[in-house]
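Visitor: test case, fold it:
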Amino acid sequence: MNTSMREGASGPADIDMVSSSHNFKNESSDEFELEAVSLLSTNYPVEDPTTGPASSSGLPNDSGAVDAISKPEDHQQANSDETHTIESLRSRVRVLETRLRNQQLESHQEIDYRQELLSKLSDEVNFHKWRASGLRDNLYAAEHSLTHLADEIEGHKGYIKQLEQKIKFLTHDLRITRCGYEELQNNLRVAQEGTLLSVKRASWVPKDDGAVRNEFSKLEEKLKAWAKKNAVPDINALRPLSNEEKVEITDYLEKYIFQLNFDALLNKMSPPLMKRFPVLITHSMLAKYIFEEIFDNPFFALQHLDTNSKAVRGNAMFGLYKTMINGQQQHAYHIFEMQGKTNLVIVLPSDAHIWRSQMLRLLSTAPDSPSGVPLLSAQVFEKFSTKMAKNFLAGPIRPLLKANEAPEQQRNCLLQDLCHIFYTAAKLSTSLWCQRTNIDCRRTTLRKMKLFYHKNPLSTAHRLHHLDEDDDKFDGKAILAIIQPAVVAYGNEDAENYGKGKVWSPAIVLVDEGN
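Guide: I've put the predicted structure just below:
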């Protein structure tokens, strides 16, 4: 048996080979049996009943025996032939037995090989069944994953539809904004045409820095006087405050105080500061409101203009102004689209400040007409001041004021005094914004300035600290609160040097006097 046949891979070809080998063994066995029968029949012919005694080539019959007895030589010759024939048959039988044993051995080996091959085929069939089962599981998992992905795709499609709807709404709002901008441009164009000749004839003289600093000093004194007159007298008056009222105060002064906890801030104060704490906090809240609402926005009073057109929001103009300034890095920004064409205006920082200054000068100048009243008239400032004062008194400042329990006449007097302060601040702010300098009131917050140094021009200690001009004993100390923010101006009337600042009014701060 060829060993290479046993070492080959199992498969359909192996099954055919096993079948053909089995047929070959059966045919060989039949061939050996036929050969043995043929040999016996040749040496010992059998008598045919139909034909009578065998021929002379077969075994001797009775008459032959008689003849053999009668002839000894013939008998001996016959015995010798028979002996030779028997030996020949025995030899042939031994050969056949040997061949039969070999054949049986090969048959057993073939059976073992077939059983081993069938075992391998069975293992391979089981392996393929196991693999098919795993592939089915993978297929089920893939189908589940595809279903999940299909659900996600549907969800994303829904989200995309929402975004598309939102884009439509934003596009609609943008269209409305552009229409409002065009209307605003038309109104401004009318104002420019009406006052252009007056502006050419009028001369605008900016205030010098000394005069501006003097104006801010006067405003500071007004704020202090109002706080001292109207705040509760001492710290004991604040003890009935609820936690909600304390939180309102600290939240309002979030960028101006070191501690966002009212009681913790109070405990940080030295005895002189603690005694005047209600007045100090009232001054700080009033200063924050005035400087952020009036000095930080050059167009604060536009919504109160006396015109036949729709009121212009100060925030809209201020936003346009800030957009022009923020476009300085690219030196260009998108203004509007009209009739499918994009209009770009090249803008430098100096151009933005000149535009703002010129716009406010136009609004503050009386036109060449019989009325002779500018758009930013005294009535506009009075209306604005009254509204601002009422809003301030309705805010978190309420529990700090004595007028809560005062007669109505005294409350009206408090309101009138406050309106006068707002009016003064509004006039000062407008006159400064009409200049080409840029004003910044947000540089001094506790996020940017945490420690006190007496040589820092941006800040000065409150008078209650009793510091001399060159006294450095509080240098490096933490700033507890900003009572009034600083005002810093950049640039000049030539629209130059906007990177260089000058302090018009330093911040007034309270310093931690502890170790």
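
Visitor: surely F422 touches L393?
Guide: No. Contact criterion Cβ atoms under 8 Å: F422 and L393 do not qualify, at 11.2 Å. The way it works is simple: take the backbone N, C-alpha and C, and place the C-beta from them, glycine included.

Visitor: these two: who's more crowded?
Guide: More crowded of F422 and L393, by other Cβ atoms under 10 Å: F422, with 23 against 17.

Visitor: now the element after the helix or strand hosting the more buried one, going C-ward?
Guide: Here F422 is covered by helix 408-433, with elements defined by DSSP states H and E. Per DSSP H and E, the first helix or strand lying C-terminal to helix 408-433 is strand 438-440.

Visitor: what lies in contact with that next one?
Guide: Residues outside strand 438-440 that contact it (Cβ atoms under 8 Å, 6 or more residues apart in numbering): 295-296, 298, 353, 432-433, 487-491, 498, 501, 504.

Visitor: helix or strand right after that strand?
Guide: strand 451-452.

Visitor: for I235, which non-adjacent residue is spatially closest?
Guide: F277 (5.3 Å; Cβ to Cβ, 6 or more residues apart in numbering).

Visitor: wait, the one you found sits on L266?
Guide: Yes. F277 lies in contact with L266 (Cβ under 8 Å); the separation is 6.1 Å.

Visitor: which residues do these two both contact?
Guide: Residues touching both F277 and L266 by Cβ under 8 Å, 6+ apart: I235.

Visitor: out of the two, which sits in the busier spot?
Guide: Taking other Cβ under 10 Å, F277 and L266 do not tie; F277 has more neighbours (21 against 16).

Visitor: and the gap between the more buried one and K450?
Guide: Separation of F277 from K450 (Cβ to Cβ, to the nearest Å): 21 Å.

Visitor: quick one: mean pLDDT for the helix holding F422?
Guide: Helix 408-433 carries an average pLDDT of 92.

Visitor: buried ones among the contacts of strand 438-440?
Guide: Buried subset of the contacts of strand 438-440 (neighbour count, 16 or more other Cβ atoms under 10 Å): 295-296, 298, 353, 432-433, 487-491, 498, 501, 504.

Visitor: in CSV: the residues you listed, plus secondary structure and distance to F474.
Guide: What follows is the buried ones among the contacts of strand 438-440, written out as CSV (DSSP: H, G, I helix; E, B strand; the rest coil; distance: Cβ to Cβ, whole Å):
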residue, secondary structure, distance to F474
F295, helix, 27
D296, coil, 29
P298, coil, 35
H353, helix, 37
L432, helix, 31
W433, helix, 34
V487, strand, 23
V488, strand, 22
A489, strand, 27
Y490, strand, 29
G491, coil, 33
Y498, coil, 33
G501, strand, 24
W504, strand, 24
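
Visitor: of those, closest to L146?
Guide: For the buried ones among the contacts of strand 438-440, the closest approach to L146 (Cβ to Cβ) belongs to D296, at 58.3 Å.

Visitor: grab the nearest non-local neighbour of the closest one.
Guide: Nearest to D296 is C441, by Cβ to Cβ, 6+ apart, at 4.8 Å.

Visitor: swap in L188?
Guide: Nearest non-adjacent residue to L188 (Cβ to Cβ, 6+ apart): M359, at 7.2 Å.

Visitor: could I get the average pLDDT for the helix or strand harbouring the one you found?
Guide: Using DSSP H and E, M359 sits within helix 349-364. Taken as a whole, helix 349-364 has a mean pLDDT of 89.

Visitor: now stretch 380-395
Guide: 94.

Visitor: which residues touch it?
Guide: 252, 285-286, 289, 293-294, 300-301, 304-306, 401, 414-415, 418-420, 422-423, 426-427, 430.

Visitor: and with 7 Å instead?
Guide: 289, 293, 301, 304-306, 415, 418-419, 422-423, 426-427 (Cβ atoms under 7 Å, 6 or more residues apart in numbering).

Visitor: which of the residues you listed sits closest to S122?
Guide: E293 (92.3 Å).

Visitor: just give me the neighbour total for D123.
Guide: Neighbours of D123 (other Cβ under 10 Å): 11.

Visitor: surely P396 is in contact with I249?
Guide: Yes. Contact criterion Cβ atoms under 7 Å: P396 and I249 qualify, at 5.2 Å.

Visitor: more neighbours: which of those two?
Guide: I249 (23 against 17).

Visitor: helices or strands up against the helix or strand hosting the more buried one?
Guide: Assigned by DSSP H and E, I249 belongs to helix 243-252. Under the contact criterion of 3 or more Cβ pairs under 7 Å, 6 or more residues apart in numbering; DSSP states H and E, helix 243-252 touches helix 262-268.

Visitor: CA atoms only: put the very next helix or strand once past the helix it packs on into PDB for me.
Guide: Counting by DSSP H and E, the element after helix 262-268 in chain order, helix or strand, is helix 271-275. The C-alpha coordinates for helix 271-275 follow below in PDB (Å, rounded to 0.1, in the frame of the first residue of the first chain):
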ATOM      1  CA  PRO A 271     -12.500  98.400  61.800                       C
ATOM      2  CA  PRO A 272     -12.500 101.800  60.000                       C
ATOM      3  CA  LEU A 273     -13.600 100.200  56.800                       C
ATOM      4  CA  MET A 274     -16.200  97.900  58.500                       C
ATOM      5  CA  LYS A 275     -17.700 101.000  60.100                       C
END
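
Visitor: now helix 271-275: buried residues?
Guide: L273.

Visitor: show me what the mean pLDDT comes to for that helix.
Guide: Here the average pLDDT along helix 271-275 is 91.

Visitor: show me how far it is from its chain's centre.
Guide: Distance of helix 271-275 from the chain centroid (Cα atoms, centre = their mean, to the nearest Å) equals 49 Å.

Visitor: what sits up against it?
Guide: D234, I235, L266, L280, L464, L510.
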